[in-house]
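Undergrad: Give me coordinates for this.
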Amino acid sequence: MSNRPHRVLGPLGFILMMSWPILALSQEVPGNPQNGKILFEKHCVQCHGEKGAGDGPDTKFLTVRPANFHSLESRSKTDWELMTVITFGAAFSPMHGWSDRLTEDERWDVLRYIRLLAPFNPVAQLPVSPERHG
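TA: Residues are numbered from 1 along each chain as shown. As a prediction, the model looks like this:
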């Protein structure tokens with residue numbers, strides 16, 4: 001048996017592996033932030049506030065505060081995690097799901113607008129409490 005296929009696949013595999021980050025970064029992200037802004041202002045501002053800081057006028061009526069999209073916790077969440085909350089809501093909070101009121105495309109639009117207000121930061125770390133070090 002010849003080793004020739006392995007010699008060809010080795011360099012080809014290396015080239016594909018090295019180009020993967022470029023391909024991944026070049027993917028188009030779904031959602032239209034301009035439409036998302038309109039939807040956010042219509043449906044989300046009352047709780048999350050105009051800038052997404054969780055300080056909307058309805059917060060005075062809520063026991064559990066809405067998410068502040070500028071917090072490290074929110075900014076470190078993946079798009080999938082945020083989309084899940086937008087779609088299905090968050091347990092034990094006033095955040096209800098929007099799947100029955102907004103289409104999937106509209107939910108992506110809102111997510112894109114939230115990311116404009118507070119960009120994704122995958123390296124954000126929550127402060128570690130002293131109890132965890134013991």
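
Undergrad: Without its sequence neighbours, what residue ends up closest to the residue sitting nearest the centre point of the chain?
TA: Among the residues of the chain, the one closest to the centroid is residue 79, at 2.7 Å (CA atoms, centre = their mean). Distances taken as CB to CB, 6 or more residues apart in numbering put residue 111 closest to residue 79, at 6.2 Å, once the chain neighbours are dropped. The C-beta positions use only the backbone N, C-alpha and C, and glycine is treated the same way.

Undergrad: name the element the one you found belongs to?
TA: helix 104-117 (DSSP states H and E).

Undergrad: per-residue pLDDT, residue 29?
TA: According to the prediction, residue 29 has pLDDT 73.

Undergrad: which one is it nearest to, not counting chain neighbours?
TA: The shortest distance from residue 29 to any non-neighbouring residue, by CB to CB, 6+ apart, is to residue 112 (7.0 Å).

Undergrad: same question, residue 82
TA: In this structure, residue 82 finds its nearest non-sequential neighbour in residue 111, 5.7 Å apart by CB to CB, 6+ apart.

Undergrad: So that neighbour is in contact with residue 83, correct?
TA: Yes: in this structure, residue 111 is within contact of residue 83 by CB atoms under 8 Å, at 5.7 Å.

Undergrad: more neighbours, these two?
TA: Per other CB atoms under 10 Å, whichever of residue 111 and residue 83 has more neighbours is residue 111, with 22 against 18.
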